[in-house]
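Chemist: Show me how the following folds:
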Amino acid sequence: MTRFLHPLFRGTTYTRFLHLWVPMLVVSVWLWVEMSMPWVPALALIPVGLIAAVRQGEGVQARLLLTPGEQGTEISVEPSATWGDRLRTVLWLEVRMLLGGLTAWSTVWFPLVSYSLAKLASGSVPHDVPVLREAAPHWAFALLAPLPLVAFYGLVVGMGELITVLARRLLGPSAAERLAALEERTEQLLERTRIARELHDSIGHALTVAVVQAGAARAAGDPAFTDRALEAIEETGRTALEDLERVLGILRESQRPVSSRPTLTDADRLLESARVSGAKVDAELTGPLDTVPGPVSREGYRILQESLTNVLRHAGAVPVRVRVAVGDGTLDLSVRNPLSAGIPGPGRGSGLRGIRERAALLGGRALTGPNEGDWQVHVELPLR
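Modeler: Numbers count the residues shown, from 1 in each chain. Model (predicted):
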């Protein structure tokens with residue numbers, strides 16, 4: 001019984017009932033003007049539904065009255081973009097008017113029948129309902145009087161559910177809108193992944209440098225070396241803060257351009273940071289780095305940063321050979337250092353996985369792992 005009466009206490013029941021009644025306002029005005037042609041409003045809805053903005057208005061109204069408060073409702077609020085959208089809008093308007101007419105009729109006749117049965121039960125003969133005019137008054141009609149109201153209640157709830165289902169089907173997103181929403185969601189996920197990589201590479205590099213420098217300064221016991229280590233930690237920390245502020249800016253402003261991100265032309269900063277941390281870096285940068293396309297140059301910088309971070313984290317102050325070459329249509333980047341037992345094997349570690357994913361997204365390839373007694377990161381990225 002409680003479940004049966006639950007719709008009575010839901011606001012959605014009454015907003016859906018109002019939604020069903022709205023088309024009857026237009027119909028009632030027309031019937032006041034011309035009673036002999038009640039089909040004219042339905043005919044007029046055909047050209048109206050072909051207007052692109054009508055679908056948007058119907059979608060907004062359906063969301064407000066049929067699914068109020070629902071998150072992620074499958075009712076579009078976009079104008080018609082194709083003829084398929086327009087035809088679905090026309091069908092929606094016709095169905096809405098039909099169900100609205102049935103609801104309006106039941107709103108009048110079911111309560112009227114209930115009232116007439118109550119009159120028969122009280123001994124009076126009703127004249128409003130033709131079927132009951134010939135009935136003889138009897139008290140037993142009091143048992144039947146509530147039935148039309150129960151039927152009306154069920155019809156209102158059922159019509160509300162039906163019009164909501166039809167709204168989701170006829171006003172739901174088209175295939176193009178679903179594809180656009182999917183692409184937008186994919187872009188958001190890719191952006192989140194990219195930001196996570198940015199933070200991992202930048203902050204991870206800074207912390208690694210700081211830890212290595214602090215440990216070396218404590219072990220050296222040399223005031224001059226300690227000063228240089230503190231200076232390196234300060235510089236690396238400042239750079240990490242700048243990167244963190246930039247990444248947070250991207251989160252705050254999704255349309256912010258990425259032109260401020262570091263590129264391979266800033267590679268000297270990474271190499272100097274590694275040298276200050278104790279690594280013996282032998283670097284060779286050949287080719288016009290400033291002509292490398294922005295996305296390739298930015299991702300190349302991050303790959304180089306992650307590679308040097310892995311060297312410092314797992315191998316410490318060891319000789320490192322860095323080769324960056326811009327050739328005919330290809331950026332070749334290689335980082336090699338003596339193999340250490342602390343370096344993870346192939347396929348392990350989020351940093352190495354990130355390097356491979358960055359290369360794959362640009363259509364390139366990355367090889368990471370032991371090679372001829374060294375640990376190598378070798379990446380090839382196409383420039384076109």
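
Chemist: what's the following helix or strand after the longest helix along the chain?
Modeler: The single longest helix within the chain, with elements called by DSSP state H, is helix 175-220. Downstream of helix 175-220, the first helix or strand assigned by DSSP states H and E is helix 223-252.

Chemist: ok, residue 213 - contacts?
Modeler: Counting by C-beta atoms under 8 Å, 6 or more residues apart in numbering, residue 213 touches 229, 230, 232, 233, 236, 276, 277, 278. All C-beta atoms are positioned from the backbone trio N, CA, C, and that covers glycine.

Chemist: Relative to the whole chain's centre, how far out is the longest helix of the chain?
Modeler: Offset of helix 175-220 from its chain centre (C-alpha atoms, centre = their mean, to the nearest Å): 19 Å.

Chemist: between that helix and helix 223-252, how big is the angle?
Modeler: For helix 175-220 against helix 223-252, the angle by axes from the mean of the first three to the mean of the last three C-alpha atoms, to 10 degrees is 170 degrees.

Chemist: out of the contacts of residue 213, who has the most neighbours?
Modeler: The most neighbours of any of the contacts of residue 213, using other C-beta atoms under 10 Å, belong to residue 277, which has 26 neighbours.

Chemist: is it true that residue 210 touches residue 238?
Modeler: No: counting by C-beta atoms under 8 Å, residue 210 does not reach residue 238; the two are 11.5 Å apart.

Chemist: Now stretch 57-71: buried residues?
Modeler: 58, 59, 61, 62, 63, 65, 66, 67 (16 or more other C-beta atoms under 10 Å).

Chemist: May I have that stretch exported as CSV, CA atoms only?
Modeler: C-alpha atoms of stretch 57-71 as CSV (Å, rounded to 0.1, in the frame of the first residue of the first chain):
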residue,chain,number,x,y,z
GLY,A,57,13.3,24.3,-25.9
GLU,A,58,11.5,21.0,-25.6
GLY,A,59,14.6,19.4,-24.2
VAL,A,60,14.9,22.2,-21.5
GLN,A,61,11.2,21.9,-20.6
ALA,A,62,11.4,18.1,-20.4
ARG,A,63,14.4,18.2,-18.2
LEU,A,64,12.8,20.6,-15.8
LEU,A,65,9.4,18.9,-15.6
LEU,A,66,10.0,15.3,-16.4
THR,A,67,13.3,14.6,-14.8
PRO,A,68,13.8,17.4,-12.3
GLY,A,69,17.0,17.1,-10.2
GLU,A,70,18.3,14.1,-12.1
GLN,A,71,22.0,14.1,-13.0
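
Chemist: ok, residues contacting that stretch?
Modeler: 11-12, 15-16, 18-19, 22, 73, 75-78, 89, 92-93, 160, 163-164, 167, 171.

Chemist: For ChimeraX, what selects the buried ones among those?
Modeler: Only the buried entries of the contacts of stretch 57-71 go into this ChimeraX selection, using 16+ other C-beta under 10 Å:
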select :12,16,19,73,75,76,77,78,89,92,93,160,163,164,167,171
